[in-house]
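> Provided below for reference: sequence and predicted model.
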Amino acid sequence: MTALACLFLRDIRLAVRVGGGAGIGVLFFLIVVVLTPFAIGPDLALLARIGPAILWLGALLASLLTLERLLAADQEDGSLDLILMAETPLELALAAKAAAHWLTTGLPLVVATPLLGLFMNLDASASAAVALTLLAGTPALTFIGLVGAALTVALRRGGLLLAVLVLPLTVPVLIFGVAASNAAITGPLPFGTPFTILCALTLVSLVVGIFAAAAALRHGME
Amino acid sequence: MALIDLANPTRFLALAERLLPWLAGATAIAFAVGLHLTYGAPDDYQQGATVKIMFIHVPSAWLGMFAWGLMSVAALGTLVWRHPLADVAAKTAAPLGAAFTFLCLVTGSLWGRPMWGTYWVWDARLTSVLVLFIMYLGVIALWRTMDDPSRAARAAGILTLVGAINLPIIKWSVDWWNTLHQPASVVKLGGPAIHSTILVPLLVMALAFILLFLTLHLAAMRNEILRRRVRTLMLMQAQAAPGSGA
């Protein structure tokens, strides 16, 4: 087994076992969605109209919540130093870590979306559309967040700063994620246009994210 | 003089001391001429005297974007060439850029009140300038969380470059988002082209703003170098103090 596969499996194991906190993001997502009707009232028509936006906002905030632990645990126990010194390119190691992080925190959000769509009075096809856009868009949130996690890893109170740094960069993902969901539900725009742009944003943030995060770690840890 | 010669802070300070009075004087003259021309510029037939807000608003917007470009170049200077003054330039440009962006937002908002009937609309330009402003605040926050200046410089440099890649994407997606939601509901600055009676004062004011930026930036860089010297002296003094346990 290659070093990258080992790292990937190790991160997944750590995330799903006690203290890993893989489920917290979904729980937070659930609470955000449940709180929304209390704030705006139980008007089902209104909820159906803003449902995709609320689901996207909830997923964005939930993915932000778990980012702080993406690198901090490895930094605390010293394994981040080993990853930095290893022969495996740091960029690939970070990509493996981000993939494992997305599988344990991003994918559960996507899986939970159809259920939460019920609370938002979305029908089955609308829920499926939101889940599909989240499937394409949440990796972008992870990769953008990776940069923020790498920049703030050595700080004592990095969590709040991480949110401040990362959130403005997620504006395009949010715009096209919600636009693609709405296009699938109400039209008149074809679903393909915003959805392909959303996929493009994910690919761009994959490239920019791992290289910028690797540079940040190399400069920050020396 | 090559750029590398300025890596010596003493030499840079000497140059700054010589340049600053001239820059400040040029700024004052440019502002005097620019404000005089602005005063003489004709009122817009629709917007009246409020069109003159533009002479502050537009140069501020330009400088708000220019400062991020300057920070990006300085970030490359820090990360690639390790130029010792690049991080000073980047650090001091961030609050200036934020201030000009804020000025742009405030004047735009005051202009919007009589023209659009509201202080704020979710117009694409306003929104992307607001995001730019928030990103300036993020960079400043990052600078202020690390006590070691050189480490903070590299972290802020990477964030600046990531922002430089992302800002055009954000700008473009906000444009796309806005045209989808409310097409052409906003009154834009009148006419197909700007008449020279307005354009000349605008360009002079832009020159004045650029000179102001350069003056403030140079002075801020000088202050930052002096501040770092004071910090080093205080650290040395604290280490040399009796009973410090060293």
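Okay, I see it.

> how about the residues of chain A by chain B?
Contact residues, chain A versus chain B (Cβ under 8 Å from any Cβ of the partner chain): A:147, A:151-152, A:155, A:157-158, A:161, A:164-165, A:168-169, A:171-172, A:175-176, A:179, A:189, A:197, A:201, A:204, A:208, A:212, A:215-216, A:219-220. Every C-beta, even on glycine, is put in place using the N, C-alpha and C of the backbone.

> which SSE is immediately downstream of the helix or strand bottoming out on mean pLDDT in chain B?
Ranked by mean pLDDT, DSSP states H and E, the weakest helix or strand in chain B is helix B:149-181, scoring a mean of 82. For helix B:149-181, the following helix or strand on the C-terminal side (DSSP states H and E) is helix B:196-240.

> average model confidence for that following helix?
Mean pLDDT, helix B:196-240: 89.

> one more: stretch A:175-192?
Rounded mean pLDDT across stretch A:175-192 is 83.

> alpha carbons of it, as PDB, please.
Extracted C-alpha coordinates of stretch A:175-192, given in PDB (Å, rounded to 0.1, in the frame of the first residue of the first chain):
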ATOM      1  CA  ILE A 175     -23.800  31.700  -6.200                       C
ATOM      2  CA  PHE A 176     -23.500  28.900  -8.700                       C
ATOM      3  CA  GLY A 177     -24.600  26.100  -6.300                       C
ATOM      4  CA  VAL A 178     -27.900  27.900  -5.500                       C
ATOM      5  CA  ALA A 179     -28.300  29.000  -9.100                       C
ATOM      6  CA  ALA A 180     -28.000  25.500 -10.400                       C
ATOM      7  CA  SER A 181     -30.500  24.200  -7.800                       C
ATOM      8  CA  ASN A 182     -33.000  26.900  -8.600                       C
ATOM      9  CA  ALA A 183     -32.500  26.300 -12.400                       C
ATOM     10  CA  ALA A 184     -33.300  22.600 -11.900                       C
ATOM     11  CA  ILE A 185     -36.400  23.400  -9.800                       C
ATOM     12  CA  THR A 186     -38.000  26.500 -11.300                       C
ATOM     13  CA  GLY A 187     -36.000  27.300 -14.400                       C
ATOM     14  CA  PRO A 188     -36.000  29.200 -16.800                       C
ATOM     15  CA  LEU A 189     -32.200  28.800 -17.000                       C
ATOM     16  CA  PRO A 190     -31.000  25.400 -18.200                       C
ATOM     17  CA  PHE A 191     -29.500  23.400 -15.400                       C
ATOM     18  CA  GLY A 192     -26.400  22.600 -17.300                       C
END
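
> just to revisit the earlier point, hmm, the least confident helix or strand of chain B touching chain A?
Yes. Contact of helix B:149-181 with chain A is found when judged by Cβ under 8 Å from any Cβ, involving B:151, B:154-155, B:158-159, B:161-163, B:165-166, B:169-170, B:172-174, B:176-177, B:180.

> from these, list just the buried residues.
Listed as buried from the residues of helix B:149-181 next to chain A are B:151, B:154-155, B:158-159, B:161-163, B:166, B:169-170, B:173-174, B:176-177; burial here means 16 or more other Cβ atoms under 10 Å in any protein chain shown.

> which of these sit farthest apart?
Taking Cβ to Cβ, the two most distant members of those are B:151 and B:176; they sit 37.5 Å apart.

> so the spatially most central residue of chain B versus residue B:237, what's the distance?
Centroid-nearest residue in chain B: residue B:97, 2.2 Å away (criterion: Cα atoms, centre = their mean). Distance of residue B:97 to residue B:237, given as Cβ to Cβ, to the nearest Å: 34 Å.

> one more: residue B:53?
50 Å.

> can you pull out the low-pLDDT segments for chain A?
Applying pLDDT under 70 to chain A flags residues A:1, A:20, A:221-222.

> ok, back up a step: and which of the buried ones among the residues of helix B:149-181 next to chain A is nearest to residue A:6?
For these, the nearest to residue A:6 is residue B:158 (27.8 Å; Cβ to Cβ).

> what's the spacing between the closest one and residue A:151?
From residue B:158 over to residue A:151 (counting by Cβ to Cβ), the distance is 7 Å.
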